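Q: here is a sequence together with a model predicted from it:
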Amino acid sequence: MSALALSVLLSLVSAVAYAAAAIMQERVAASAPSSQYAPLRRGVWWGAIALSGLGAALHVAALAYGPLSLVQPLGALTIVFALPMASLLVGRRAGSTAWRGAIMATVGLAGLLSLTGSADSDTLAGGDRVLLALVTTGGVVALFLAAQRMHRPVVRSVMLAAAAGVAFGVASVFTKTVAVDFTSHSPTAEWPSLLTIAGLAGAGVLLSQASYRGAGLAAPLATVTVVNPVLAAAIGLTLFGEHFRYGTTGTLLALGCGVVAAGGLILLTTERLHTAPSRKVAESAPAIPAQRGPSEDRTETGGSGQTVTPPALR
């Protein structure tokens, strides 16, 4: 198997692992909405972390064998895999609007990044790495603080997901740099970059977990999926000497693909995933006691005595 084919295979399996982790994280957030960050006592959350780690390891291996401009676009398949997997694994189905948005975002992003020229085996100088790390940290902190001031859950979720996408995207850039340097430099010289990768990846995990609270799976996952590779590609174009193919024509096509991807993100934001109706879910949902009059009780139960499914399970 060629190095290029191996990088494609590793990227595909990585996308599946990331999609499964995102679904599990969203379920944790939905079942415990009062716990915003890192519910350490939940085994499901640790399972999601393990899958995220597996996806990250496969992504690192793919970066070692393939160019940044190839591996990062394949990460967009995470959202494509997430929609059918959510329906199959946890009984959630996406509406037609979500599917159209997923297709538009994926096609636009894949088209945008497929126009990126082949990557050279360049690396970043020490000063460039420090500057990139500082700018990234400042951007992530600014997005996080701005998200805390937002009152609409979807807007707050998208901003937190954007911060996670920035962290993950720059972590991939540092990972590519370390992978290239390991072949020509001493591994001990890479400790600062490795610590930067660990910090950015950890921040990305926590921010992505927080982004799933109150906005479902579709919008935050789409945001991370778009921001991560677009930012990595932009850094590749500016710092690694990559370029769009076909000159001016390729640049115009890339802008068009960016518009398509943005339109898909808007569609995904307007329709969140919802749980398909199920008697099993309805029966397992605990009744929420409330002091109401008889007429209100009849309205809430629909006159049949059945407990309405809490919003977190809808």
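A: It's in.
Q: do a quick rundown of the strands in the chain.
A: Along the chain, counting by DSSP state E, strands occupy 92-93, 274-275.
Q: the closest residue to residue 204 other than its chain neighbours and residue 13, how far apart?
A: Among residues not flanking residue 204 along the chain, residue 167 sits closest, at 3.8 Å (C-beta to C-beta, 6 or more residues apart in numbering). For glycine as for every other residue, the C-beta is placed from the backbone atoms N, C-alpha and C. Remark: distance between residue 167 and residue 13 (C-beta to C-beta, to the nearest Å) = 22 Å.
Q: looking at these two, which is more packed in?
A: residue 167 (29 against 15; other C-beta atoms under 10 Å).
Q: from memory that one sits against residue 207, does it?
A: Yes - assessed by C-beta atoms under 8 Å, residue 167 is found in contact with residue 207 at 6.6 Å.
Q: tell me where the stretch 201-314 of the chain has helices.
A: For the stretch 201-314 of the chain, the helices defined by DSSP state H, counting those that start in this stretch cover 218-239, 247-270, 279-284, 294-301.
Q: what residues of the first one count as buried?
A: Right, helix 218-239. Neighbour counts over helix 218-239 (16 or more other C-beta atoms under 10 Å) mark 218-233, 235-237, 239 as buried.
Q: packing partners of it?
A: The elements that helix 218-239 packs onto, with contact taken as 3 or more C-beta pairs under 8 Å, 6 or more residues apart in numbering; DSSP states H and E, are helix 68-74, helix 77-90, helix 96-114, helix 126-148, helix 153-181, helix 191-211, helix 247-270.
Q: residues contacting the residue nearest the centre of the chain?
A: Among the residues of the chain, residue 224 comes closest to the average C-alpha position under C-alpha atoms, centre = their mean, at 3.4 Å. By C-beta atoms under 8 Å, 6 or more residues apart in numbering, the contact list for residue 224 reads 161-162, 164-165, 168, 208, 211.
Q: and if we set it to 10 Å?
A: The contact partners of residue 224, taken as C-beta atoms under 10 Å, 6 or more residues apart in numbering, are 18, 22, 75, 78-79, 158, 160-169, 204, 207-208, 211.
Q: for it, report the pLDDT, please.
A: Note on residue 224: pLDDT of 85.
Q: number of nearby residues for the closest residue to it other than its chain neighbours?
A: Nearest residue to residue 224 in three dimensions, chain neighbours excluded: residue 165, at 4.4 Å (C-beta to C-beta, 6+ apart). Look at residue 165: counted by other C-beta under 10 Å, it has 28 neighbours.
Q: try residue 141
A: 12.
Q: cool, residue 246 as well?
A: Neighbour number of residue 246 under other C-beta under 10 Å is 13.
Q: how close does it sit to residue 116?
A: 11 Å.
Q: residues shared between the contacts of those two?
A: With C-beta under 10 Å, 6+ apart as the test, residue 246 and residue 116 both reach residue 254.
Q: tell me the contacts of residue 212?
A: 22-23, 25-30, 157, 160-161, 219-221.
Q: if you rank those residues by neighbours, which is first?
A: residue 220 (35 neighbours).
Q: that residue against residue 213, yeah?
A: Yes - between residue 220 and residue 213 there is a contact at 9.2 Å, judged by C-beta atoms under 10 Å.
Q: any shared contact partners between the two?
A: Common neighbours of residue 220 and residue 213 (C-beta under 10 Å, 6+ apart) are 25-26, 29, 156-157, 160.
Q: let me know the closest of those residues to residue 104.
A: residue 157 (19.6 Å; C-beta to C-beta).
Q: and that closest one, how far is that from residue 256?
A: Applying C-beta to C-beta, the value for residue 157 to residue 256 is 27 Å.
Q: ok, back up a step: got the helices of the stretch 201-314 of the chain as TSV, with distance to residue 110 columns?
A: Below are those laid out as TSV (distance: least, C-beta to C-beta, whole Å):
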stretch	distance to residue 110
helix 218-239	9
helix 247-270	8
helix 279-284	35
helix 294-301	46
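Q: so where's the stretch 1-150 of the chain uncertain?
A: Scanning the stretch 1-150 of the chain for pLDDT under 70 picks out the ranges 32-42, 113, 117-122.
Q: quick check: the farthest pair among the shared contacts of residue 220 and residue 213?
A: That would be 25 and 156, which, of the shared contacts of residue 220 and residue 213, are the farthest apart (C-beta to C-beta) at 16.2 Å.
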